[in-house]
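Visitor: kindly generate the corresponding structure for this input.
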Amino acid sequence: MHKSKQENPEFESKGISVKVDETGKVSAVIAQLGVEDHDGDIVEATAFKNGQEVAMVWSHDWSQPVGKGVIKTTLTEAIFEGQFFMDTDAGLEAYKTVKAMGDLQEWSWGFHTVKSQWEEIGGDHWVRHLLATEVYEVSPVLKGAGIGTRTLAIKSRQTLEDQIKSIVEAVDLLGERVRSLKGLREDEGRGMSNERMNEVKELARKLRDAAETLEKSIVTESSSSEIDIRKEFLKFQHFKLHQIGAGKGNDNGN
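Guide: Reported below is the predicted structural model:
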């Protein structure tokens, strides 16, 4: 699977170990390599460029960087070695918060997938191997990867334009997965199970219903504020995440 730079970034969140000193330097393990995470992804060592410099932002808010650093890799981990901007209000506050949170602090990284590969494990369980990514930022976050909750919490902080792109990308990823599964089944001389096929059909029906509701809202309330339209997208996204999670055993389009 290949993505262009223009597509909306993905996020991986982890509960990690972190060290921070009085000068604002921070060291954080942002990914365990070769291990399936709660999102159904396996991050391979090749997913990171060892020594790549990246921005540090607060909770994926790209409007105000709070520091910068480099990503280093070992055989088992990806480690962010960074420095908070102690001479800015945003950087200093982020530093104080991370230091006060201690072991409760979790971290996340935002990226585009450059190369990935799907693998079927034990029947209908699929995992995505992240082979190459373009990492844009590393973020201290309040809560890391939680099944069915991580993407919704992150996307709620985005602009309407970014949220639209996020939803379209998630649906595209699901479609790609269904097509891959169907193709593999056909190569093996068998089809998708009736249960799985019915789940996909039901999801498609509800997506159409949600799209019609949204379109009617835009047409009949053309003078509505962005907040009104955003509510429709939030309801759509909540339903989408719930349905996709129920249908495939993990979330985020895997």
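
Visitor: can you pull out the low-pLDDT segments for the stretch 151-254 of the chain?
Guide: The model of the stretch 151-254 of the chain has pLDDT under 70 over residues 151-163, 165-166, 169-170, 173, 177, 181-185, 187-190, 192, 218-254.

Visitor: domain assignment for this structure?
Guide: Per automatic domain parsing, the domain ranges recorded for the chain read 10-144, 160-248.

Visitor: check the ones you listed for me and report the most buried one.
Guide: Among the domains of the chain, domain 10-144 has the highest mean neighbour count (mean count of other C-beta atoms under 10 Å), at a mean of 18. C-beta coordinates here come from the backbone N, C-alpha and C atoms, glycine included.

Visitor: show me the strands in the protein, by range?
Guide: 10-15, 18-20, 25-32, 41-43, 52-58, 61-73, 77-84, 106-121, 125-141 (DSSP state E).

Visitor: now the last one and strand 52-58, what's the angle there?
Guide: What it means is strand 125-141. Counting by axes from the mean of the first three to the mean of the last three C-alpha atoms, to 10 degrees, strand 125-141 lies at 70 degrees to strand 52-58.

Visitor: quick check: Leu92 touching Gly67?
Guide: No. If you go by C-beta atoms under 8 Å, Leu92 and Gly67 don't touch, sitting 10.2 Å apart.

Visitor: now for those two: what residues contact both?
Guide: Common neighbours of Leu92 and Gly67 are listed as Gly24, Phe84, Phe85 (criterion: C-beta atoms under 8 Å, 6 or more residues apart in numbering).

Visitor: which ones are touching the closest residue to the first one other than its chain neighbours?
Guide: Meaning Gly24. Distances taken as C-beta to C-beta, 6 or more residues apart in numbering put Phe84 closest to Gly24, at 3.8 Å, once the chain neighbours are dropped. Contact partners of Phe84, counting by C-beta under 8 Å, 6+ apart, are Gly24, Lys25, Val26, Met56, Val66, Gly67, Gly91, Leu92, Ala94, Tyr95, Val98.

Visitor: contacting residues around the first one?
Guide: Gly24 is in contact with Gly67, Gln83, Phe84, Phe85, Met86, Gly91, Leu92, Tyr95, counting by C-beta under 8 Å, 6+ apart.
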